[in-house]
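[1] Just need the structure, nothing else, for what follows:
(2 chains)
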2 protein chains.
Amino acid sequence: MATKKLLQALNGEKTERPPIWLMRQAGRYLPEYRKVRAEAGSFLDLCYTPKRAVEVTLQPIRRFGFDAAILFSDILVVPHGLGQDVWFVEGEGPKLAPIRDTNGLKALKPEGMSAFLAPVYEAVGELSATLPDNVTLVGFSGAPWTVATYMVEGGSSRDFANTKGWAFSDPEGFGNLIDILVDGIATHLCNQIEAGAETVQLFDSWAGVLPDMAFRRWIIEPTRAIVEQVRARYPEVPIIGFPRGAGIYYPEYAAETGVTAVSLDTTVPTRWAADTLQPKMPVQGNLDPMILLAGGEGLAESVDHIIGELNNGPFIFNLGHGIIKETPVENVESLIRLVRGEG
Amino acid sequence: MATKKLLQALNGEKTERPPIWLMRQAGRYLPEYRKVRAEAGSFLDLCYTPKRAVEVTLQPIRRFGFDAAILFSDILVVPHGLGQDVWFVEGEGPKLAPIRDTNGLKALKPEGMSAFLAPVYEAVGELSATLPDNVTLVGFSGAPWTVATYMVEGGSSRDFANTKGWAFSDPEGFGNLIDILVDGIATHLCNQIEAGAETVQLFDSWAGVLPDMAFRRWIIEPTRAIVEQVRARYPEVPIIGFPRGAGIYYPEYAAETGVTAVSLDTTVPTRWAADTLQPKMPVQGNLDPMILLAGGEGLAESVDHIIGELNNGPFIFNLGHGIIKETPVENVESLIRLVRGEG
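    Below is the predicted model of the structure:
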C-alpha cells in the first residue's frame, strides 16, 4: 500500500514536503468541470448523481495529482436531507424556504435524511473504490452555526440579521435547531465514513461573526458534540475543523472541540499558528485564494513564507478559503510545483 | 469646566461607569435624522452642508445624552476630496469611478483636498462651539486600506478581488495609492483637530481580510505613518484605532501603530481583551449591534458581561460595529440606562 501523506500529517507526522489539496478544488475554474456541470440539470442534480459527482471529484486529482480528493457536494445537502426546500438560482446562489422560529422546525424530518442522501454516500463508495492508493478521500459537512445561517436567512447573508436575531432573542428555540443539526451532521459524517471517507472536515464558514458567549454556545459546543458522536463510532478517523474567521478563538476551538486538526483561514498569521496551535495539533492552510489568482512572484513568496513557518510540524498545505473560479489553471500547476519543491 | 468622561478614559483613567457613544449614532434609526435626510439633496449634500451635518450630529446627543458626538460625515469624503468621482445610489450604497492601476492615480489632486472639504471642517468648528461641555467631539477618517478598497473596487465588495489583485501583483503601484491616502488622511484628521475635534478615530473596517505580511504592510505601516504625522502636529490629541476583524493581529496593531486606544469589534473576547490589550491602553467596544437590535434580556446580559470584564481598566462603551437602522430607539434608551446603572 502506498503512503497517504495527508493521513500521515493528520497523524501528527512531519513530512519533508507537505501534502496539498485545495478547498473547492473540484469546481468552476476547471474547464472539464464546467462541461459536466452544463450536462447536469441543476447544481443539486450534480451532487445527487453519483456518476457525475464522482467524475468531478476525480478531475482535479487526474489533472494535478493532489494528495486528497474531497467529495464533490455542498453543505446545503444537510438541510435538504432534513426536509427543507433548497434550490440554486444561477448567478444568485442558494435559496431555502427560511425557518425562523420553533414552529418552523416542524417542517424538518431528520429521520429521512440518510435515505434521502443515499446517492451522496454511493458517490463516496465509488470514489473509495476508484482513487489512486496515495490519495486520501475527504468527506465533509457544514458545521451547525454555518448551516443554520442558510436555513434561517433563506440563503446567503451579509449581516445574519435573522439568525442572530433568533439566537439572541430566543436562544432556547434556536438551540433546538442547532440540536437537530448536531445530530444530522454527525450522522452525515458517519455515513460518509461508513462509505469510505478516510477523514472528514467540518466547515464553519461563518464562525467569524459571533461575539464572546455566543461563539462558545453556537460554535464550540455543537462542534464538540459532533466530534463526540463521530468519535464514538469511528475513533480512528481524523476530524479537521475549519472555524473560518475564528481569530482569537482559534486556540479555544482547537483545545475544546476535540478536533484532530485545524484549518487556518487566510487571516491567521503563520508564525502565531506555528507557536500557538501547531505544538498541539496538525494545522492546514492558509494561502489567500486571491494570491493564487494573482500568481507570479507574490505566489512564490507566499508559498515560501507559509512552508517556512508551518512545515516544521505536521502540516497540510491548502488555501485559507475556497479557490476562486477565475483562477488560471496554470497558477494551480505552479502552486503544486512550488509546494513540492519541483520549481 | 465639566468633566469629559471620554477624554478621561482615553487618558487612561478608570471611571466608575464607562462613557458611552455608538458608532453611527447619528443615522437612519432616528426619525429626526430621516427628516433632515429627506430634506437634503443627496447623501453627500448632507455631509457638505454644515448646518445639516451639525444638526444630525447633535440629534443623538439631545435625545440620549451620549458622552461623545461623532461628526456626521463619511469615510468616502477623503477620496472625493482627493478628486475621485464619488456618488451614492439609494439602496445600493456608494459608487466610485474605480482606480485600478498607477495610471489611474493621475486623476487624484491631493493638493485640492483641504479646500474641497472646507464645509466638513466648518461643521466641526460649529459643533465645537455648540456642544455641551461634558460631551467630547470626535473626528474621524477611514484608514488607508479600507478607503483604498472602495477606491479600487468602485464601491462595496465581498471579496476585494481588484484591490487584493492590485496589491498582490503590483505592491509598488498599490503602495503609491496607499502613500497618497496616508498623507490625505493625516491632513484630514489634522484639519478636523484644527477645527475643534478633541479626539479622532481611524476606521479600518476591512482590516480583517488580509493575510500575514499584507496586514503589516497595508494596515500597520500606513496607520503608524498617519499617527506619526498627526502626533507631530497635535501630540496631545488621542487617536483611537479600529482595525475591525484584525483578530490575532490586535496586539500587534495596538503595540506598533502608536494609537492611544483600540476599538474592539464584536468578535473580540472581552476576557482576552482585558488580559492582553487593556493593560497597555484604553479599549472601546464591543456590543454586537444585533444584540442591541434584539433588545430584552440578551441585551442586559451582554452589557453586564462587557462591563464586568472591561470596566476594571480604562474603557469606553460602544458597539463592535455601526448601529443597525432597524434598531428601536427604546433599545438605545435601555442600553444607556444599563451602562449608566440607572436600570
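[2] Show me what the longest helix anywhere in chain A is packed up against.
    When chain A is parsed with DSSP state H, its longest helix is helix A:171-195. The contact analysis (3 or more CB pairs under 8 Å, 6 or more residues apart in numbering or on different chains; DSSP states H and E) places helix A:171-195 against helix A:77-81, helix A:113-116, helix A:118-130, strand A:136-142, helix A:144-153, helix A:161-169, strand A:199-204, helix A:221-233. All C-beta atoms are positioned from the backbone trio N, CA, C, and that covers glycine.
[3] got JSON lines for those, with distance to residue B:65 too?
    Below are the helices and strands packed on helix A:171-195 laid out as JSON lines (distance: least, CB to CB, whole Å):
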{"stretch": "helix A:77-81", "distance to residue B:65": "46"}
{"stretch": "helix A:113-116", "distance to residue B:65": "54"}
{"stretch": "helix A:118-130", "distance to residue B:65": "58"}
{"stretch": "strand A:136-142", "distance to residue B:65": "45"}
{"stretch": "helix A:144-153", "distance to residue B:65": "36"}
{"stretch": "helix A:161-169", "distance to residue B:65": "26"}
{"stretch": "strand A:199-204", "distance to residue B:65": "41"}
{"stretch": "helix A:221-233", "distance to residue B:65": "39"}
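[4] want to throw the ones you listed into a markdown table with mean neighbour count and distance to chain B?
    Shown next, in a markdown table, are the helices and strands packed on helix A:171-195 (neighbours: other CB atoms under 10 Å in any protein chain shown; distance: least, CB to the nearest CB, whole Å):
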| stretch | mean neighbour count | distance to chain B |
| --- | --- | --- |
| helix A:77-81 | 23 | 22 |
| helix A:113-116 | 16 | 30 |
| helix A:118-130 | 19 | 28 |
| strand A:136-142 | 24 | 19 |
| helix A:144-153 | 25 | 12 |
| helix A:161-169 | 22 | 4 |
| strand A:199-204 | 24 | 13 |
| helix A:221-233 | 19 | 15 |
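[5] wait, which of the ones you listed is closest to residue B:240?
    helix A:161-169 (25.6 Å; CB to CB).
[6] Quick one: mean pLDDT for the closest one?
    Mean per-residue pLDDT for helix A:161-169: 96.
[7] On the pLDDT front, check the residue nearest in space to the middle of chain A for me.
    Against the mean C-alpha coordinate of chain A, by CA atoms, centre = their mean, the closest residue is residue A:203 at 4.0 Å. For residue A:203, the model assigns a pLDDT of 98.
[8] residues contacting it?
    A:75, A:140, A:141, A:142, A:143, A:146, A:242, A:244 (CB atoms under 8 Å, 6 or more residues apart in numbering or on different chains).
[9] Compute the number of surrounding residues for the residue in the stretch 101-250 of chain A that chain B sits nearest to.
    Taking CB to the nearest CB, chain B has its nearest neighbour within the stretch 101-250 of chain A at residue A:247, 2.7 Å off. Using other CB atoms under 10 Å in any protein chain shown, residue A:247 is surrounded by 25 other residues.
[10] what do you get for residue A:261?
    Residue A:261, neighbours per other CB under 10 Å, totals 26.
[11] Quick check, pLDDT for residue A:2.
    62.
[12] Can you tell me the closest non-neighbouring residue to residue A:185?
    Excluding the flanking residues, the one nearest residue A:185 by CB to CB, 6 or more residues apart in numbering or on different chains is residue A:141, at 4.8 Å.
[13] Who are the contact partners of the one you found?
    Contacts of residue A:141 (CB under 8 Å, 6+ apart): A:75, A:78, A:147, A:185, A:188, A:189, A:192, A:200, A:202, A:203.
[14] quick one: the first one is in a strand?
    No - using DSSP: H, G, I helix; E, B strand; the rest coil, the secondary structure at residue A:75 is coil, not a strand.
[15] Would you confirm that it contacts residue A:147?
    Yes - using CB atoms under 8 Å, residue A:75 is in contact with residue A:147, at 6.0 Å.
[16] Next, the buried residues of stretch A:183-203.
    A:183-193, A:195-203 (16 or more other CB atoms under 10 Å in any protein chain shown).
[17] Just give the number of residues close to residue A:51.
    11.
[18] Just the residues contacting the helix or strand hosting it, thanks.
    Using DSSP states H and E, residue A:51 maps to helix A:50-64. Outside helix A:50-64, the residues that touch it by CB under 8 Å, 6+ apart are A:22, A:25-27, A:30, A:32-33, A:36-37, A:39-40, A:45-47, A:66, A:69-73, A:119-120, A:122-123, A:126-127, A:130-132, A:135, A:329, A:332-333, A:336.
[19] relative orientation of it and strand A:136-142 in degrees?
    120 degrees (axes from the mean of the first three to the mean of the last three CA atoms, to 10 degrees).
[20] and helix A:50-64, average pLDDT?
    Mean predicted confidence for helix A:50-64 is 98.
[21] quick one on the thing from earlier: the residue of the stretch 101-250 of chain A closest to chain B reaches residue B:269, doesn't it?
    No - contact between residue A:247 and residue B:269 fails when scored by CB under 8 Å: they sit 9.1 Å apart.
[22] related to what we said a few turns ago, let me know which of the helices and strands packed on helix A:171-195 is the nearest to residue A:8.
    strand A:136-142 (9.5 Å).
[23] Mind listing the strands the closest one pairs with, and their directions?
    Take DSSP bridges as the rule and strand A:136-142 pairs in its sheet with strand A:68-70 (parallel), strand A:199-204 (parallel).
[24] Give me the number of neighbouring residues for the closest residue to residue A:279 other than its chain neighbours.
    When the adjacent residues along the chain are set aside, residue A:279 lies closest to residue A:313, with 7.2 Å between them (CB to CB, 6+ apart). By other CB under 10 Å, the residues close to residue A:313 number 19.
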